[in-house]
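*Asks:* sequence and predicted model, in that order:
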Amino acid sequence: MKNYYKEGEEKFGFLSSELYLLAEKVPSMSRFYRFVERDLSNKKFQSLLDVGFGVGSVIYQLSKSRKFNIYGVDPSKYMVKIANNRFKGNPNVNLAVGSSTYVPFDKKFDIIISSLSMHHWNDKKGSLKYLSKFLAEGGEIDIYEFLLSKGKSLSEHFEYCVAKSHMVSKQQLEQYGEEAGLKAQIKVNGNFIKATYKP
């Protein structure tokens, strides 16, 4: 099978993929996924592409409350297998091995999302430019990440020290959009940050 990871990107094998199922239950992760789900529940769309969906945490929860066509790509064949098992019997779900620079679907999407994945991308500018080609008219790319900022409490400070490389700042997200030629709108909610990119 072709390797869709770019040089320098963190690779997820069998064990690390299985651990992500457990990570859903970690309080900070649960809060993060609720933040993403609440934000997306206010949007109107019929088709969604999730880039770097991992074990399918966000799209799985969304699919419980609304009906839409779900597409997703992830460079880990192990993540794809786990997520596909969660969606067994759902004809509206199409998940495949792919990446932020390779989408194997000949389709345009109302919305493209990525949660806790962009910080792994080697070429963020190139990825955003590439993904924007898959947007339907009026569509948008929504990126969700942990905010890069030093927390005030001891536990938040610990998370900052441990996970700093997995966080992004407001300035970084604005810069990625500018470099890709996209309009960026940034929203900060506590320790979480969201960027909406539009052509």
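*Replies:* Sure, I can see it.
*Asks:* which ones are touching the nearest residue to G52 once chain neighbours are set aside?
*Replies:* Nearest in space to G52, with sequence neighbours left out and distances taken as Cβ to Cβ, 6 or more residues apart in numbering, is S117 at 2.8 Å. No exception for glycine: its C-beta is placed from N, CA and C like everyone else's. Neighbouring residues of S117 by Cβ atoms under 8 Å, 6 or more residues apart in numbering: 51-54, 100.
*Asks:* which other helices and strands does the helix or strand where V73 lies contact?
*Replies:* Take DSSP states H and E as the rule and V73 turns out to sit in strand 69-74. Packing partners of strand 69-74 (3 or more Cβ pairs under 8 Å, 6 or more residues apart in numbering; DSSP states H and E): strand 47-51, helix 57-65, helix 77-86, strand 93-97.
*Asks:* how about it as CSV, C-alpha atoms only?
*Replies:* In CSV, the C-alpha atoms belonging to strand 69-74 read as follows (Å, rounded to 0.1, in the frame of the first residue of the first chain):
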residue,chain,number,x,y,z
ASN,A,69,-22.8,12.2,3.2
ILE,A,70,-19.6,11.6,5.1
TYR,A,71,-16.3,11.3,3.4
GLY,A,72,-12.9,11.0,5.0
VAL,A,73,-9.2,10.5,4.4
ASP,A,74,-6.5,9.4,6.8
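*Asks:* what's it in contact with?
*Replies:* Against strand 69-74 from outside (Cβ under 8 Å, 6+ apart): 46-54, 56, 59, 62-63, 80, 83, 87, 90, 92-99, 102-105, 107, 109.
*Asks:* next SSE after the lowest-mean-pLDDT helix or strand in the chain?
*Replies:* Least confident helix or strand, the chain: helix 154-163 with a mean of 44, by mean pLDDT, DSSP states H and E. Scanning forward in sequence from helix 154-163 by DSSP H and E, the next helix or strand is strand 167-168.
*Asks:* can you list the strands that the strand holding V73 pairs with?
*Replies:* Strand 69-74 pairs in its sheet with strand 47-51 (parallel), strand 93-97 (parallel), by DSSP bridges.
*Asks:* pick the most deeply packed of the ones you listed.
*Replies:* A comparison of these by mean neighbour count, using mean count of other Cβ atoms under 10 Å, puts strand 47-51 on top with a mean of 24.
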